[in-house]
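**Q** coords please:
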Amino acid sequence: MASPAFTPDSRSLPPLVEPAADLDRDEVARYSRHLIIPNVGVTGQKRIKNAKVLVIGAGGLGSPTLLYLAAAGVGTIGIVEFDEVEESNLQRQVIHGRSDVGRPKAHSARDSVLEINDRVDVRLHEFRLDSTNAVDLFSQYDLILDGTDNFATRYLVNDAAILAGKPYVWGSIYRFEGQVSVFWEAAPDGRGLNYRDLYPEAPAPGTVPSCAEGGVLGVLCASIGSVMATEAIKLITGIGEPLLGRLMIYDALAMNYRTIRLRRDPGRAPVTELIDYDAFCGVVTDDARDAAADGTVTATELAALVKAGEVALIDVREPVEWEIVHIAGATLVPKGRILSGDALVELPQDRPIVAYCKTGIRSAEVLAALRQAGFSDARHLQGGITAWAAQVDPSLPTY
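**A** Prediction:
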């Protein structure tokens, strides 16, 4: 019995990319499992071959996304990445290996992509994406994939994609949960949505911890990254129903996928230019910034104060972080208990307090709260326990 002809979904979008001229004999052999899918076929594979896709970051989400895009036969892949591979990356960033530690991530990612498919044109962009370069860079590609882990970059990607007229696939991960959606302000048939319809305003500084602070299950990256790559292939070839106008949420503990409809925010102002996104999102609150201006000590300064017994050292991280590593002589009082006021009566009154966290962001928020509560001589550790391990006690593990 003949298979029914493929009929495009009513919610599908036109193919994003025109097909390449042809596939050679080796490409037919390599992509044969695609070619025999009616929805993809030869024409779909030619579109994939002709596609130019920019992946922002070669980290947790960029790793599986890059590998699967390369395996699928995407002709041109751009990688925006300026970090180096660290040992802590290997728990989830599977595009890198042990021998890559200390190498530029962009170089390691390029080598892995070419090992899978040496026909891919890999273009490296080894710089920090910002308002001066994003629109020009995006204009060189058909599609953007964003798996970054901070709100400033997410808003930058969104606004630059709008100005460049490009669609992009967005992914996010945290602990056991992941999210994916497609944003495209210029989508046909009035279906355009962008990231500001999901998050009209950036969350208050300090309220949403990053993966570096809250952690992430390594294999979660594979689940969300593969969905992002799937959405890319669907957009390139024009098959299926993309996640434009929908947010997919994955709960790994419950093993549950669900989607919710997104609506255009009627009060959203049009994006006409790029802005200062660090200022827009804020790394810390204004109160924390003001408190830190005259209440910061360096790791070496703190070491001298601790040795002289002149300060009370308060660790404001979470108990699981304390179990990994802490500074000898410190007392654990998590940030939340201080900000709520519950722990203020437990803090020492006979000595100045120095608060510390992992990198200094959370402790700056705590410092502002302590100053407001009357602890006028409180300070915080610049760079957190990470700086302490680097400058004072290299025997301590970092995470």
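**Q** From now on I want contacts and neighbour counts done on CA atoms only, so please keep to that.
**A** OK.
**Q** Low-confidence stretches in the stretch 151-300 of the chain?
**A** The stretch 151-300 of the chain contains residues with pLDDT under 70 at 204-209, 282-284.
**Q** Which residue is the nearest non-sequential neighbour of Ile327?
**A** Ile385 (7.5 Å; CA to CA, 6 or more residues apart in numbering).
**Q** Look up how far Ile353 lies from that neighbour.
**A** Per CA to CA, to the nearest Å, Ile385 is found 16 Å from Ile353.
**Q** quick one, what contacts Ala297?
**A** In this structure residue 297 is Val, not Ala. When the contact criterion is CA atoms under 8 Å, 6 or more residues apart in numbering, the partners of Val297 are Arg379, His380, Leu381, Gln382.
**Q** go on, Ile236?
**A** Neighbouring residues of Ile236 by CA under 8 Å, 6+ apart: Pro15, Leu16, Val17, Arg47, Ile48, Ala51.
**Q** Can you flag which of the residues you listed belong to helices?
**A** Arg47, Ile48 (DSSP state H).
**Q** Val122 is in contact with Arg110, correct?
**A** Yes - the pair Arg110 / Val122 is scored as a contact, 6.4 Å apart, by CA atoms under 8 Å.
**Q** Would you check that Ala51 makes contact with Val17?
**A** Yes - counting by CA under 8 Å, Ala51 touches Val17, with 6.0 Å between them.
**Q** shared neighbours, these two?
**A** Asp142, Ile236.
**Q** Please compare the two by neighbour count and tell me which comes out ahead.
**A** Neighbour comparison, Ala51 and Val17: the larger count goes to Ala51, with 26 against 20 (by other CA atoms under 10 Å).
**Q** Tell me which stretches of the stretch 51-200 of the chain form strands.
**A** 52-56, 76-80, 121-125, 143-146, 168-174, 177-183 (DSSP state E, counting those that start in this stretch).
**Q** what does the domain assignment say about the protein?
**A** Using automatic domain parsing, the domain ranges for the chain come out as 25-281, 286-391.
**Q** Serialize the ones you listed to JSON lines and add fields for distance to Thr398.
**A** Output for those, formatted as JSON lines (distance: least, CA to CA, whole Å):
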{"stretch": "domain 25-281", "distance to Thr398": "9"}
{"stretch": "domain 286-391", "distance to Thr398": "6"}
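**Q** where does the nearest residue to Ser63 once chain neighbours are set aside sit relative to Gly62, distance-wise?
**A** In this structure, Ser63 finds its nearest non-sequential neighbour in Ile95, 4.9 Å apart by CA to CA, 6+ apart. Ile95 sits 8 Å away from Gly62, going by CA to CA.
**Q** The two: who's more crowded?
**A** Gly62 (30 against 24).
**Q** Tell me who's in contact with the more buried one.
**A** Val55, Ile56, Gln93, Gly147, Gly225.
**Q** distance between stretch 156-165 and the chain's centre?
**A** From the chain centre to the centre of stretch 156-165 is a distance of 17 Å (CA atoms, centre = their mean, to the nearest Å).
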